[in-house]
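> structure here, sequence nowhere to be found:
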């Protein structure tokens, strides 16, 4: 009983005095960026080591059976990290988290998997990882299509009837499909969504780059999964998995990173299919979710039961024209 009271007191002390450990107080922006980057690197290391425990302690399971368990372990690690971030008062950087995961998988490939891969596939994977890093930098620093707050768009929208104002400005390129991002506190032309993983809004100017980069992640992680499978197959035929075997430790790390890649590919493929759908029907993610906020998507229908509102897409110009507009957007 005394032990339980002791731990409860410690927990209450940490909760009530967490502000004392807030590293954000009195820190400059550069110091906060350094803490955030360091925290992201530690989070990547912790999550990958946690995933490595799955093949270590559940080696009797098949790779398919390990997959949901790896997903649960990864999710639990992220939840614990969020709690620690709340106590420390420092948020990890999602773009840095993505960057360090790429570097971690690339490092495992170079030092462990590469020996079992052909030269052609090896060069292909190196090129993919290099392009991912370049694309990550480009989309992080890109302009999604910001419309200045000082433009007359905001002022006129407040003093005019909104449906009439939208219809009157649809022909003006600067005001066409301008949406507000609450994260960036900016008006974005062709706003689709705010992407935390890339640290930027996805709008008209960088939407194609986003699709290319998302496709690149799917291809690169699929290639890594294929290379990992080759290494695992060869290793299982030559070594016995034991805790004291150094080769077994490398094999566990390869299995865990392969499981991580498969988990990433699963949700990224679904996300990519969704965006292909949006391209084909010329609609943005934010517009699809919040269509009832925008008058141009509201269709008034009258029936004997009364008036009703349904969805209509005034921007849908047909399959072919929608794809053409994606590749050559109207600026």
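Received it, and whenever you're ready, just let me know what you need. Bear in mind that the values here come from a model prediction, so they are computed numbers and not experimental data.

> summarise which helices and strands the helix or strand harbouring residue 287 is packed against.
Assigned by DSSP states H and E, residue 287 belongs to helix 285-289. In terms of contact count using 3 or more C-beta pairs under 8 Å, 6 or more residues apart in numbering; DSSP states H and E, helix 285-289 is assigned the packing partners helix 246-281. In short, each C-beta sits where N, CA and C put it, glycine included.

> could you say what helices and strands the helix it packs on packs with?
With contacts defined as 3+ C-beta pairs under 8 Å, 6+ apart, helix 246-281 has these neighbours: helix 29-57, helix 63-88, helix 94-108, helix 207-236, helix 285-289, helix 319-327.

> so for residue 279, which of those helices sits nearest?
helix 319-327 (4.7 Å; C-beta to C-beta).

> give me the element residue 309 is part of.
strand 306-311.

> let me see the mean pLDDT of that strand.
The average pLDDT within strand 306-311 is 80.

> which residues sit against it?
Residues from elsewhere that reach strand 306-311 (C-beta atoms under 8 Å, 6 or more residues apart in numbering): 291, 292, 297, 298, 299, 300, 301, 302.

> repeat that for stretch 133-144.
Applying C-beta under 8 Å, 6+ apart, the external contacts of stretch 133-144 come out as 95, 98-99, 102, 188, 191, 198-207, 209-210, 212-213, 216.

> pull out the buried residues from it.
The neighbour-count check on stretch 133-144 (16 or more other C-beta atoms under 10 Å) flags 135, 136, 139, 142, 144 as buried.

> try stretch 51-63
Those would be 51, 52, 54, 55, 56, for stretch 51-63 by 16+ other C-beta under 10 Å.

> the residue nearest to residue 98 when sequence neighbours are not counted: what's it in contact with?
Ranked by C-beta to C-beta, 6 or more residues apart in numbering and with sequence neighbours excluded, the top spatial neighbour of residue 98 is residue 197, at 5.2 Å. Applying C-beta under 8 Å, 6+ apart to residue 197 gives the contacts 94, 95, 97, 98.

> again, 7 Å this time
Counting by C-beta atoms under 7 Å, 6 or more residues apart in numbering, residue 197 touches 94, 95, 98.

> buried among these? Make that a PyMOL selection.
For the buried members of the contacts of residue 197, the matching PyMOL selection, counting by 16+ other C-beta under 10 Å, is:
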select buried, resi 95+98
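
> tabulate the contacts of residue 197 (TSV), appending distance to residue 310.
Formatted as TSV, these follow (distance: C-beta to C-beta, whole Å):
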residue	distance to residue 310
94	37
95	39
98	39
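
> so what pLDDT did the residue nearest the centre of the chain get?
When C-alpha atoms, centre = their mean is applied to the chain, the residue found nearest the centroid is residue 197 (3.9 Å). We have a pLDDT of 91 for residue 197.

> the closest residue to residue 46 other than its chain neighbours: how many residues sit nearby?
Nearest non-adjacent residue to residue 46, counting by C-beta to C-beta, 6+ apart: residue 77, 6.1 Å away. Neighbours of residue 77 under the rule other C-beta atoms under 10 Å: 17.

> my understanding was that residue 77 contacts residue 48; is that so?
No: Residue 77 lies out of contact with residue 48 (C-beta atoms under 7 Å); the separation is 9.2 Å.

> low-confidence regions, this protein specifically.
Applying pLDDT under 70 to the chain picks out residues 1-33, 87-90, 149-176, 237-247, 303-306, 330-331.

> 50 - rerun?
1-2, 4-24, 152-174, 241-244 (pLDDT under 50).

> which residues sit in contact with residue 178?
Counted by C-beta under 7 Å, 6+ apart, residue 178 has contacts 147, 153, 187, 188, 189.

> relative to residue 295, how far out is it?
Distance, residue 178 to residue 295, using C-beta to C-beta, to the nearest Å: 14 Å.

> repeat that for residue 64.
In terms of C-beta to C-beta, residue 64 sits 49 Å off from residue 295.

> comparing the two, which residue is more hemmed in?
Taking neighbours as other C-beta under 10 Å, residue 64 and residue 295 compare with residue 295 leading, 13 against 8.

> now do the SS call for the residue nearest to the centre of the chain.
With DSSP: H, G, I helix; E, B strand; the rest coil as the basis, the three-state label of residue 197 is helix.

> quick one: it and residue 294, what's the gap?
Taken as C-beta to C-beta, the span from residue 197 to residue 294 is 26 Å.

> equivalent analysis for residue 107, please.
On the measure of C-beta to C-beta, residue 107 and residue 294 end up 46 Å apart.
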